[in-house]
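A.B. asks: Sequence first, then the predicted structure, then my questions.
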Amino acid sequence: MVATWIESAAKGRNAGPIRAGMWSAAVVGTHPIEDDQRVWVEVHADDLSLGRLPTYWIENKGGNSYWHAPIPPQAVGVRLHYRSVAEKAGSETVYSAYQDSIVRPNLPDRTESADLLSSMTEGLVGNRRMTVRVESRGSTHDIYFPTVGLRSSVRPKEGDLPRSRSHFRAIVGGLAVGRRLDWFTERSAWDAFQNYSGATNLLTTELAWRHGPIRVVVTDLVAMGDNLPRNADGGPSPGQYIKRYRLRNDGPEARQAIFGVYVQAEVNGGVGDVGLSWHDQDRALLAINRGHGHSNRKLARDSTIEFALALDPRGDVDCEPTGPNEAILYRWIDLPPGEAVTVDLLVSGAFTGWRGDQGTFKHWLKPALDWFRSTDLDAVEQGTAKEWDDFVEPIPTLHLPRAAYAVSMRRSALAAAMHVDLDEGGVAGGLDRGLSAYCWPRDAMWVGAALSRIGHPEILRDILLWLDRVRAGGKPFLYWFQKYSIDGVPEWEAPAVDQTAMIPWILERYYRATADADLVERVWPMVEQAATVCQGDSGGHPGLFFDEELNLVSSAGMGDQLYGRFLYSNAAVVAGLRSAARIAHELGRDEQAARWAAHAGRIWNRGIMAEVATGREGLPGLIDPETGRFLSGRRTSMLRGLWTDDPEFLADRSSLVDVNALALSAPFGLLPANDPRLMKTAETILRANAARAGADGDLLARASYSPSARPHAGRADEARDVSCLATFWMIRYLIELGRESGQGRHWARALVMIDALLGRLGPLGLLLQSGGRAQESARHATSPGGIAWSLHAMMIETMLGLVGLEYDAVDRRVCIRPVLPGSWPHTGASRPFACGDVGYRLERPLGGAVHRLTFEARLAHPVTLDVNVTCPGLAELGPWQSSIDSPPPPDFDPRTGRLRWSTRLGAGEHHASWTWG
């Protein structure tokens with residue numbers, strides 16, 4: 001008589017659990033060994049009979065036969081009820097005892113590859129204390145906490161790699177409707193569209209199921225406002241990241257589904273005392289890193305970091321560990337026809353500045369979980385949106401023919417703000433690469449200055465205080481280092497003098513915009529230290545000193561890896577010393593002012609503006625008499641990353657042309673844009689860029705060029721290099737050149753370049769792509785340092801440069817310097833200032849010469865209005881009309897079409913207009 005049994009219960013891939021949507025298999029045994037046996041597996045999936053499934057003989061061993069019994073894919077949550085069946089001719093059919101197995105949720109596709117999520121991660125959400133990266137299908141890519149970037153005690157083990165993570169590799173949602181879990185990252189199952197909710201940093205991802213009438217809307221936000229949890233001591237707990245999944249069944253029938261969240265943790269880069277465990281009492285998944293010691297303090301992670309992940313209390317939650325640092329949270333849900341069901345996920349962060357803290361959960365995370373399960377999350381979402389609405393309130397309104405300009409500026413402001421830490425004052429250079437999540441002083445000042453110009457001077461104030469705070473950490477050196485962690489610990493000590501020189505220059509910009517003399521007095525020692533460095537005293541570092549022969553400061557350049565006497569670096573020194581001198585004069589420190597101004601004059605007149613002798617080395621000057629343009633540097637080291645005095649490794653004159661030479665005009669204002677040497681420098685760059693293989697003529701491919709580059713053809717499918725920083729630098733220069741020269745072609749060229757950049761922006765407007773938006777192969781354009789300065793700050797500065805509306809709070813002076821290209825019928829802007837609300841509109845019919853400027857203001861105190869308008873092609877002023885008593889006619893230069901006039905306005909409302917042409 002034949003006997004049968006289940007030798008090995010049903011298993012999935014690699015003998016693991018049975019996963020939805022995947023084949024599984026059991027092993028059946030029979031006895032004795034017979035040639036004419038027929039063996040089956042009888043399977044029920046829940047209450048549905050699948051009948052008898054065939055088995056396949058494997059081997060005979062020890063008097064028994066063994067059979068492979070494949071089981072087809074089943075839906076998640078199905079209970080497989082199965083037994084083996086053996087038949088032999090002439091004998092009774094025999095059965096084994098039944099066994100049961102539950103089909104577990106399937107893992108997301110690509111979990112065995114190097115990167116589960118898309119390489120085109122762009123989305124950012126945050127609250128200026130916690131920043132989260134979200135990929136294009138609504139899945140979480142990484143979380144930066146407890147600051148907006150990398151803290152000294154919270155760093156990934158591979159932080160110098162572009163694809164490094166800080167705390168998580170993936171948090172992915174998915175839905176199973178009568179089948180496997182279709183994870184939202186899977187393109188075969190879901191169509192996706194992503195955008196921001198209005199002028200906020202709440203990210204919305206809309207997903208449509210390809211296999212039925214199911215839609216999902218994912219809203220990512222980091223909670224802001226007054227309705228935040230408190231820790232056990234009653235202090236604020238700002239690290240609350242919420243993912244809201246709104247699922248809608250648009251079909252006529254009710255559906256039962258399983259909602260799942262796959263978590264792949266990498267807390268603190270996965271180095272240290274890490275763990276991922278289910279806390280059954282609080283129904284939460286805990287991702288933990290309690291730190292580790294290291295003899296190298298830069299590698300030490302002394303902090304305890306914990307995250308709690310929990311679904312809302314609207315149903316039971318199960319957790320299945322799927323790996324050492326992986327797990328799936330899931331629950332059954334009902335989807336009524338025509339109704340939406342919401343599932344909320346909280347990712348709550350907790351941080352303690354020491355290792356091995358066992359009380360982090362009780363002190364931080366338990367109160368946050370209680371808050372999450374009791375608070376009104378709709379109100380939290382609305383409150384967070386209102387916080388960002390309030391942030392954009394003071395941003396200027398641009399009255400331009402192209403709405404995309406104003407939209408891009410506003411989005412850049414929102415994106416840049418998420419890089420600025422609210423508590424520390426540090427600025428993450430960028431979150432598109434792990435390396436960029438530190439704070440470069442250079443990037444921080446550019447970002448702060450841009451945000452200050454659009455109505456948030458408090459951000460620049462905090463950055464200046466951060467710069468003042470970190471200066472003591474540089475001892476014995478006096479200069480500001482290349483980069484720091486967000487909390488101000490030095491990360492890279494290379495000496496680039498422009499990062500120090502910009503400090504008094506940025507401080508002066510802040511002072512002119514706010515008249516905040518108290519801050520100037522508070523940080524005055526910082527200004528004195530910066531001026532000392534600008535005079536060549538680095539505190540003893542051999543890579544930064546004043547070259548007495550060339551009258552130039554030698555240091556690392558803006559690219560951080562090259563050393564020499566660079567044009568841009570020394571232009572920054574001149575601008576910084578002149579600003580320091582003007583501030584010193586304002587404060588009555590005339591002796592310091594005279595000394596700093598004299599040293600700035602020496603560098604400018606004898607080091608920069610002198611023509612270098614032809615055919616002789618060692619004589620000062622940065623103007624090449626043969627080409628009539630600026631040299632980018634003198635005595636530059638040919639050893640990358642190293643400084644040297646060995647003549648064999650020094651190039652007396654750099655052969656490259658750097659686009660940052662244009663900074664002498666914009667923004668430093670050291671030379672007018674129509675200076676012939678600057679014009680030749682710009683022409684050389686544009687010509688060399690056009691000759692590069694694969695380069696888009698409307699975008700600069702790089703920041704440095706060889707003037708002798710020969711054109712050569714590239715492949716048709718070759719990726720086009722893009723440098724948004726270099727392109728914006730050229731755009732800002734062309735805008736100023738149009739103002740100075742009165743030639744509208746420069747403005748037209750600038751607009752073409754702006755439109756080309758906007759065409760390369762990613763879908764959310766946060767990153768630049770090397771390929772166009774429609775190209776599937778598009779990749780993110782690389783950016784030295786970070787994207788916050790090179791894209792978002794420069795976008796803001798460029799758009800404000802177009803409308804030219806500023807206020808000097810010290811002199812109480814409103815300045816209007818608009819740009820009106822020939823293809824635009826009007827331009828204008830309105831914005832709130834410290835003096836009141838101010839707005840203007842400049843109009844000129846296309847093809848006409850009559851210009852009309854209207855001005856409206858509600859002033860709190862008297863101001864002086866200065867107007868400086870360039871009208872390309874306007875050869876004569878024509879009839880001049882003014883609706884108010886102002887000194888007619890204005891100063892008019894027919895060579896450039898420039899008009900200038902000033903008028904005094906008292907407190908109160910003003911409506912004025914002027915017409916000419």
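C.D. replies: Alright, I've got the coordinates. Residues are numbered from 1 along each chain as shown.
A.B. asks: which of the residues in the lengthiest helix in the chain are buried?
C.D. replies: The longest helix of the chain (DSSP state H) is helix 567-586. If you call a residue buried by 16 or more other Cβ atoms under 10 Å, then helix 567-586 has these buried ones: 567-584. C-beta coordinates here come from the backbone N, C-alpha and C atoms, glycine included.
A.B. asks: Pretty sure residue 884 sits against residue 906.
C.D. replies: No - at 11.2 Å, residue 884 and residue 906 do not qualify as touching, with contact defined as Cβ atoms under 8 Å.
A.B. asks: Which neighbours in the sheet does the strand of greatest length in the chain have, and how are they oriented?
C.D. replies: If each strand of the chain is counted by residues according to DSSP state E, the longest one is strand 340-352. Here strand 340-352 is paired, per DSSP bridges, with strand 240-249 (antiparallel), strand 304-311 (antiparallel).
A.B. asks: Kindly confirm my reading that residue 262 is in a strand.
C.D. replies: Yes - counting by DSSP: H, G, I helix; E, B strand; the rest coil, residue 262 is found in a strand.
A.B. asks: Which strand or helix spans the residue nearest to it when sequence neighbours are not counted?
C.D. replies: Spatially, and ignoring its direct neighbours in sequence, residue 262 is nearest to residue 172 (4.5 Å; Cβ to Cβ, 6 or more residues apart in numbering). According to DSSP states H and E, residue 172 maps onto strand 168-176.
A.B. asks: Show me what the very next helix or strand once past that strand packs onto, helices and strands only.
C.D. replies: Heading C-terminal from strand 168-176, the first helix or strand you meet, by DSSP H and E, is strand 182-183. Other helices and strands packing on strand 182-183, by 3 or more Cβ pairs under 8 Å, 6 or more residues apart in numbering; DSSP states H and E, are strand 168-176.
A.B. asks: other SSEs contacting the strand it packs on?
C.D. replies: Partner elements for strand 168-176 (3+ Cβ pairs under 8 Å, 6+ apart): strand 140-144, strand 182-183, strand 214-222, strand 240-249, strand 255-265, strand 340-352.
A.B. asks: out of the ones you listed, nearest to residue 852?
C.D. replies: strand 214-222 (44.6 Å; Cβ to Cβ).
A.B. asks: CA-only coordinates of that closest one in CSV, if you can.
C.D. replies: Presented in CSV, the C-alpha positions along strand 214-222 are these (Å, rounded to 0.1, in the frame of the first residue of the first chain):
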residue,chain,number,x,y,z
ILE,A,214,-8.1,52.7,-7.9
ARG,A,215,-6.4,56.0,-7.4
VAL,A,216,-4.0,57.0,-4.6
VAL,A,217,-2.9,60.5,-3.6
VAL,A,218,0.2,60.6,-1.4
THR,A,219,0.9,63.9,0.5
ASP,A,220,4.3,64.2,2.1
LEU,A,221,4.9,66.9,4.7
VAL,A,222,7.0,67.6,7.7
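A.B. asks: Okay, now the sheet partners of that strand, with direction.
C.D. replies: strand 203-209 (antiparallel), strand 240-249 (antiparallel).
A.B. asks: What are the contacting residues of the shortest one?
C.D. replies: Outside of strand 203-209, the residues within contact range by Cβ atoms under 8 Å, 6 or more residues apart in numbering are 123-125, 134, 136-138, 175, 177, 182, 184, 189-197, 214-221, 764.
A.B. asks: Repeat the analysis, applying 6 Å as the threshold.
C.D. replies: 123, 125, 134, 138, 184, 190-197, 215-220 (Cβ atoms under 6 Å, 6 or more residues apart in numbering).
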